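> got a sequence here, can you build the structure:
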Amino acid sequence: MAIIGQSFPFTPIANPAYFIPKWSFGIHPQHMQKMVDECREKHHADVVVVLSHNGADVDKKMASQVHGIDIILGGHTHEIMGPKPVLINKTLIINTSTNGKFLARFDLDVGKGRLKGFRFYYLPILSNMIPADPEMSAYIEKVRAPYAEKLAEPLAVTESLLYRRDNFNGTFDQLICNALREEMDCEAAFSPGFRWGYTKLPGETITMEDVMGQTAITYPEVTVTEYTGAELKNVMEQVADNLFNPDPYYIQGGDMIRVGNIQYTFNPAETINKRITDLRVGGKMVHPSKKYKVAGWAAMQKVEGTPVWDIFSKWLKDKKTVRVDHRDNPVLTKNMKGNPGIAYPKEYDL
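Coordinates of the predicted model:
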């Protein structure tokens, strides 16, 4: 069995490029084909597996262009592609969610020079039903010990379900945006479109560990920027094109930038600069030349600022109790019936 690694092709765009100044990234189907051929012809691999961080849509397009890959074990976009793998040409493609929710298991029937058959299973991980490994538990406890007291610090109680798993604002995202606006005295807020992070149930206490679980990155500084209305729209349009471009090779994955006190109408099927209409701040139509004070974090360039977790945790401690009654989600104009990413009651006409 040969395993070929494919790193995230947009690393210096989706993350600060100054972290990896001497590295280059990209999608290179010709080079991938060369490596697959080398595995088959030089190393006589019977099965070729690609361990990919492309994202599901990019994996599908790559599989349509590169021949000889048996399985792509994908990551980055966190899909649960089930209940069975997607088949493109003769390549099986699977993603397996995030945060250890599932294991994906392939049982392979391998013959000389080819994959003869397979069985596939998703195995949900119910962590409280699996005995902990004593050696690993001891190691984790040792590593956490210097920080355990700080991580356990109670900050506030939530009256709402807090989560981050939507293409647009989740309730945890909304809470972060609310905190940034209030603490930084801004009209609006941006928060990056991350999918990682876990859920808090109503009535649970939000701890410092929960805050870090939503914000812990290596470029966490909070900034305040004055955008004109035209610049505000441009930022959002650029992010939208990274996500909804019809060519998978131009899709960077992730989700739409999260917004606080910004309202808009959105058509994912449109082209760049035309997806967002009726853009408003605080319910008032945005004027192209008017300036708006916007708080945000996770800047792509080096900036000075306070880490987002310090600002968020201070806000939570001051509030003591929090809830999310409203999310700044867009109005979707494209017909969404049949879209597997949309769940809605039958009576809704989308």
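> got phi/psi on residue 223?
The phi/psi pair for residue 223 (degrees, to the nearest 10) reads phi -120, psi 160.
> so it makes contact with residue 308?
No - using CB atoms under 8 Å as the test, residue 223 is too far from residue 308 to be in contact (10.1 Å). Quick note: C-beta positions are derived from backbone N, CA and C, even for glycine.
> okay, these two: which has more neighbours?
A direct count of neighbours by other CB atoms under 10 Å for residue 223 and residue 308 places residue 308 higher, at 26 against 18.
> so which bits of stretch 215-234 are buried?
215, 219-220, 222-223, 225, 227, 229, 232-233 (16 or more other CB atoms under 10 Å).
> among these, name the ones in strands.
Of the buried residues of stretch 215-234, the ones assigned to strands by DSSP state E are 222-223, 225, 227.
> shaky segments in the stretch 1-150 of the chain?
By pLDDT under 70, the stretch 1-150 of the chain has no low-scoring segment.
> mind listing the strands for it?
Assigned strands in the stretch 1-150 of the chain, in chain order: 2-6, 48-52, 71-74, 86-88, 91-95, 102-111, 114-124 (criterion: DSSP state E, counting those that start in this stretch).
> packing partners of the first one?
Counting contacts by 3 or more CB pairs under 8 Å, 6 or more residues apart in numbering; DSSP states H and E, strand 2-6 is packed against helix 29-41, strand 48-52.
> deepest-packed of the ones you listed, please.
The highest average neighbour count among the helices and strands packed on strand 2-6, using mean count of other CB atoms under 10 Å, belongs to strand 48-52 at a mean of 22.
> in its sheet, what does that strand sit against?
If you go by DSSP bridges, strand 48-52 pairs up with strand 2-6 (parallel), strand 71-74 (parallel).
> run the chain-centre distance for it.
Put simply, strand 48-52 sits 21 Å off its chain's centre (CA atoms, centre = their mean, to the nearest Å).
> who touches that strand?
Contact with strand 48-52 is made by 1-6, 32, 36, 39-40, 58-59, 62, 68-76, as judged by CB atoms under 8 Å, 6 or more residues apart in numbering.
> then stretch 219-236?
Stretch 219-236 is contacted by residues 15-16, 180, 184, 186, 188, 190, 257, 259, 262, 264, 273, 276, 279, 281, 286-300, 303-309, 311 when judged by CB under 8 Å, 6+ apart.
> just to revisit the earlier point, which among the contacts of strand 48-52 count as buried?
Buried among those by 16+ other CB under 10 Å: 2, 4, 6, 32, 36, 39-40, 58-59, 62, 68-76.
> quick one: the helix ranked longest in the chain to strand 222-228, angle?
The single longest helix within the chain, with elements called by DSSP state H, is helix 229-244. Inter-element angle recorded for helix 229-244 and strand 222-228: 110 degrees (by axes from the mean of the first three to the mean of the last three CA atoms, to 10 degrees).
> show residues contacting the following helix or strand past helix 229-244.
Next helix or strand after helix 229-244 toward the C-terminus (DSSP states H and E): strand 258-260. If you take CB under 8 Å, 6+ apart as the criterion, strand 258-260 is touched by 168-170, 173-174, 176-178, 180-181, 188-193, 236, 295, 328.
> change it to 7 Å
169, 173, 177-178, 180-181, 188-191, 193, 328 (CB atoms under 7 Å, 6 or more residues apart in numbering).
> so what's residue 331 up against?
Residue 331 touches 265-266, counting by CB under 7 Å, 6+ apart.
> tabulate the strands paired with strand 48-52 (CSV), appending distance to residue 198.
Listed next are those as CSV, based on distance: least, CB to CB, whole Å:
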stretch, distance to residue 198
strand 2-6, 27
strand 71-74, 22
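> ok, residue 118 to residue 2 distance?
Note on residue 118: its distance to residue 2, by CB to CB, to the nearest Å, is 16 Å.
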